[in-house]
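Trainee: below: sequence and its predicted model.
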There are 2 protein chains.
Amino acid sequence: MAATIGDVARVAGVSRSTVSYALSGKRAISEETRTRIQEAIEQLGFTPNAGARALATSQTNVLGLYLQFEEDEFAPAMLQYVLPVSTTARDHGYDLLMVTDPDLVNAVRRTTSSAMVDGAVLLDVTYDDVRLEPLRGATQPAVLIGYARNGEGFDSFDLDFGEAARLIVDHLAALGHRDIVLITPPRQVYDRGGSYAWRFRDAAVERAARYGMRLAPHYGESRQPGIVDELDAALAASPDATAIVVHNDATIAALPSYLDKRGIRCPDDLSVIGVFSQDFAQAFSLPFTAVETSPDALGQEAVRRLILRITAPEQAGAPVVRFIEPALVDRGSTRAVG
Amino acid sequence: MAATIGDVARVAGVSRSTVSYALSGKRAISEETRTRIQEAIEQLGFTPNAGARALATSQTNVLGLYLQFEEDEFAPAMLQYVLPVSTTARDHGYDLLMVTDPDLVNAVRRTTSSAMVDGAVLLDVTYDDVRLEPLRGATQPAVLIGYARNGEGFDSFDLDFGEAARLIVDHLAALGHRDIVLITPPRQVYDRGGSYAWRFRDAAVERAARYGMRLAPHYGESRQPGIVDELDAALAASPDATAIVVHNDATIAALPSYLDKRGIRCPDDLSVIGVFSQDFAQAFSLPFTAVETSPDALGQEAVRRLILRITAPEQAGAPVVRFIEPALVDRGSTRAVG
DNA sequence: TACATTGATCGAACCGGTTCGACAAAGTCC
DNA sequence: GGACTTTGTCGAACCGGTTCGATCAATGTA
């Protein structure tokens, strides 16, 4: 049906290898035959068969993107990471195989050992990520967007959530807050071992203790009406709290409406500070001061490094664990107290 | 590096073809050799090479998912369609190649004519969709989630947006509303030819006219602060409106907080009715009556049909244009007036 | 003039699967 | 006991690319 390189060769009156070399430029081809080949290609609408090329070169120009859509995760948040990965990959000539199979280990094994992908991008990373085991046996490199304790040997890119927590606590301490509420990711995220959740909370607790502040962490919910109930409970449990720190996408998205409904003015009655990206803030009209999570930068850097490791492993050097520096974006939702 | 079928054959002491037949079951293999082969496979950790298999069978077991993330689209809304497509594909043994290249025509041509995919799923369909042209020349079947005027020859699955509009207008008319505001998708969606936008608005206008109702359509925005400004303007332009119909994901997501802020009580001061899915309602805590958009059903049906067309084209029969019946989910945000 | 060098091309082998036809051994039938 | 079918296996060809080594003419050099 579709034209093959043999068809092109016949029409152009040359051998198959000549067509191949004309296409790849790996050997000199005379100007004249090159144009004849080009004409034949256009006339036949020839496109190299991806399977055949993959077989011959052991390269697919496809990256695997491994993620899960968990019930308790806020899907729109995940999307922020998919986007930059997708566009960065494309910019480098790679397509993206999106793997959402709930059987994580099998999905990784299947796609890597069948050589469907040249490299793996892992989202939704946990402290003890089961996907790393099959990836160690794989011939393809992998990069984590997130951090895993068993991630030695892999490049990792993540926000420095510990530093993010310290930044926030410092900020509130400087404003005189002594009693603050922390809404964390849902309990299930901790149960799964979502490392960003632990790292943020532990650092926040530690830092607040150093200041002698009261900091009350509460698991947030990912769905209504749980979100509202949880907020009610958290605030009721800390009646004198002057600030709330929200490290939970679903909760922060619901917060403006919640505050309105409860008649809580921000920042007059309550200082609010979150952890989310500029894009997320725009999509959900969030007027809150926050630590920027920079999904674009993370996704882009991660994919760049992965592709470097695929194409020039000697240049890539030792695996890198990069925690990008968080920055506080002041949108005026916190104010001094006392 | 990785084990090949030849390695398995050698270890099991049989020929390559025997291994292949043992795997596919296409010819009888004695129980004894079958187990010997199975042992060899496990011992070597053999997985068939996807490229080689694709080359031999002209099948990749990969579906292409073609979508764009437009600035003016509300990304979380798009995700609702990606999810069911992904899981349905996986349930049938297909992986998903996510193609977000802004050069639509080229992306389709490249992935289909190189035989990377066995079929195509189109999202973000427009009235005159440029992707259909290259798909007509392709050997792979395609399915649209959405509706295109130039879509003859392809299976299409979409909500019946015309009927959705009529359902809504009828509902409001029955409650005695005579003056209503309609927030439509952003202007850019119309400019691109997003057919759902036209179909909904035209039907709404037509139906309202039949009742002699006043219906004032306004283009919604996809980002703040445009959303709020536009709502202000729309309501100011219809000071006597008793109901608002929102066919715009970004606007409806921002609406609860907007109403609170403006002190508008729903449904006492204003009846609200939207067009969104159950999932979306949950994710954004939307308390509004709405026409259900059923992205799960659409995605699932579309992928099922595509796979049928791939595996048993004779059974699939003539192309189908299926508009699924909308249903009104009453969440109590509308009430009788007059 | 003889000889190495370079440029352009070709043929063959190879990547790792699948599938067709052939064939030997065993089983069935009269 | 011979003819015929069935069962189980093998070898070879093929899918459509890439790449290595060889060939041969043209060019440069001693």
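Mentor: Looks like it came in fine. Predicted model, so just to flag it, every value in this text is computed and none were measured.
Trainee: and for residue A:155, the neighbour number?
Mentor: Each residue near residue A:155 was counted by other C-beta atoms under 10 Å in any protein chain shown, and the total is 22. The way it works is simple: take the backbone N, C-alpha and C, and place the C-beta from them, glycine included.
Trainee: excluding sequence neighbours, find me the nearest residue to it.
Mentor: Nearest residue to residue A:155 in three dimensions, chain neighbours excluded: residue A:143, at 4.5 Å (C-beta to C-beta, 6 or more residues apart in numbering or on different chains).
Trainee: over to residue A:167?
Mentor: Spatial nearest neighbour of residue A:167, excluding adjacent residues (C-beta to C-beta, 6+ apart): residue A:328 at 5.4 Å.
Trainee: ok so the one you found is a helix residue?
Mentor: No. When classified by DSSP: H, G, I helix; E, B strand; the rest coil, residue A:328 is found to be strand rather than part of a helix.
Trainee: what about it, neighbour count?
Mentor: Taking other C-beta under 10 Å as the neighbour definition, residue A:328 ends up with a count of 16.
Trainee: repeat for residue A:6
Mentor: A count of neighbours around residue A:6, defined by other C-beta under 10 Å, yields 11.
Trainee: who are the contact partners of it?
Mentor: When the contact criterion is C-beta atoms under 8 Å, 6 or more residues apart in numbering or on different chains, the partners of residue A:6 are residue A:16.
Trainee: how about the secondary structure of the most centrally placed residue in chain A?
Mentor: With distances taken as C-alpha atoms, centre = their mean, chain A has residue A:81 as the residue nearest its mean C-alpha position (3.8 Å). Classification of residue A:81 using three-state DSSP returns helix.
Trainee: for the closest residue to it other than its chain neighbours, grab phi and psi.
Mentor: Of all residues beyond its chain neighbours, the one nearest residue A:81 is residue A:295 (4.9 Å), with distances taken as C-beta to C-beta, 6+ apart. Residue A:295 adopts backbone torsions of phi -60, psi -30, taken as degrees, to the nearest 10.
Trainee: from what I see, residue A:295 and residue A:80 are in contact.
Mentor: Yes. The pair residue A:295 / residue A:80 is scored as a contact, 4.1 Å apart, by C-beta atoms under 8 Å.
Trainee: list residues touching both of these two?
Mentor: Common neighbours of residue A:295 and residue A:80 (C-beta under 8 Å, 6+ apart) are A:277, A:279.
Trainee: lowest-pLDDT helix or strand in chain A?
Mentor: When the helices and strands of chain A are scored by mean pLDDT, DSSP states H and E, helix A:278-283 comes last with a mean of 87.
Trainee: just the helices in the stretch 1-150 of chain A please.
Mentor: Using DSSP state H, counting those that start in this stretch, the helices of the stretch 1-150 of chain A run over A:5-12, A:16-24, A:31-44, A:50-57, A:75-91, A:104-113, A:132-137.
Trainee: worst average pLDDT in the ones you listed?
Mentor: Ranked on mean pLDDT, the bottom entry among the helices of the stretch 1-150 of chain A is helix A:75-91, at a mean of 91.
Trainee: give me the buried positions along it.
Mentor: Within helix A:75-91, the residues that count as buried by 16 or more other C-beta atoms under 10 Å in any protein chain shown are A:75-90.
Trainee: wait, residue A:290 sits on residue A:276?
Mentor: Yes. If you go by C-beta under 8 Å, residue A:290 and residue A:276 touch, sitting 5.3 Å apart.
Trainee: for residue A:88, which residues are in contact?
Mentor: Contacts of residue A:88 (C-beta under 8 Å, 6+ apart): A:299-300, A:303-304.
Trainee: what's the separation between it and DNA strand D?
Mentor: Remark: distance between residue A:88 and DNA strand D (C-beta to the nearest atom of the strand, to the nearest Å) = 24 Å.
Trainee: going by secondary structure, the residue in the stretch 201-338 of chain A positioned nearest to DNA strand C is in what exactly?
Mentor: With C-beta to the nearest atom of the strand, the shortest gap between the stretch 201-338 of chain A and DNA strand C falls at residue A:310, namely 17.8 Å. For residue A:310, the enclosing helix or strand under DSSP states H and E is helix A:295-311.
Trainee: and that helix with helix A:75-91, angle?
Mentor: Taking axes from the mean of the first three to the mean of the last three C-alpha atoms, to 10 degrees, one finds that helix A:295-311 is oriented at 40 degrees with respect to helix A:75-91.
Trainee: would you list the phi and psi of the nearest residue to residue A:178 once chain neighbours are set aside?
Mentor: Among residues not flanking residue A:178 along the chain, residue A:213 sits closest, at 5.4 Å (C-beta to C-beta, 6+ apart). Geometry field for residue A:213 lists phi and psi as phi -90, psi 160, criterion degrees, to the nearest 10.
Trainee: surely residue A:213 meets residue A:170?
Mentor: No. Counting by C-beta under 8 Å, residue A:213 sits too far from residue A:170 to count as a contact (10.7 Å).
Trainee: neighbour count for the two, which is higher?
Mentor: Set side by side, residue A:213 and residue A:170 give different neighbour counts by other C-beta under 10 Å, the larger being at residue A:213 (18 against 14).
Trainee: what sits against that one?
Mentor: Taking C-beta under 8 Å, 6+ apart as the definition of contact, the neighbours of residue A:213 are A:169, A:172-173, A:177-180.
Trainee: quickly note the distance from it to chain B.
Mentor: 30 Å (C-beta to the nearest C-beta, to the nearest Å).
Trainee: residue farthest from the centroid of chain A?
Mentor: Here chain A reaches farthest from its C-alpha mean at residue A:13, the gap being 49.7 Å by C-alpha atoms, centre = their mean.
Trainee: OK, contacts around residue A:251?
Mentor: When the contact criterion is C-beta under 8 Å, 6+ apart, the partners of residue A:251 are A:183, A:220-221, A:227, A:230-231.
Trainee: please redo it, this time with the cut-off set to 6 Å
Mentor: Contacts for residue A:251 were tallied using C-beta atoms under 6 Å, 6 or more residues apart in numbering or on different chains; they are A:183, A:220, A:227.
Trainee: how about it: what's its closest non-neighbour residue?
Mentor: Distance criterion C-beta to C-beta, 6+ apart; nearest residue to residue A:251, sequence neighbours excluded, is residue A:220 at 4.3 Å.
Trainee: from DNA strand D, how far off is residue A:302?
Mentor: Residue A:302 sits 27 Å away from DNA strand D when distances are taken as C-beta to the nearest atom of the strand.
Trainee: test my guess that that residue contacts residue A:142.
Mentor: No. At 10.1 Å, residue A:302 and residue A:142 do not qualify as touching, with contact defined as C-beta atoms under 6 Å.
Trainee: that older thread, and the gap between the residue nearest to residue A:81 and residue A:302?
Mentor: 10 Å (C-beta to C-beta, to the nearest Å).
Trainee: next one: residue A:151
Mentor: 13 Å.
Trainee: the more surrounded of these two?
Mentor: Under the criterion of other C-beta under 10 Å, the comparison of residue A:151 against residue A:302 puts residue A:302 first, with 26 against 23.
Trainee: which residues touch that one?
Mentor: Contacts of residue A:302 by C-beta under 6 Å, 6+ apart are A:143, A:145, A:157.
Trainee: residues touching the residue nearest to residue A:81, list them.
Mentor: Taking C-beta under 6 Å, 6+ apart as the definition, contacts of residue A:295 comprise A:80-81, A:277.
Trainee: how far away is whatever residue of the stretch 201-338 of chain A ends up closest to DNA strand D from chain B?
Mentor: Across the stretch 201-338 of chain A, the shortest distance to DNA strand D (C-beta to the nearest atom of the strand) belongs to residue A:311, at 13.2 Å. Between residue A:311 and chain B the distance, using C-beta to the nearest C-beta, works out to 18 Å.
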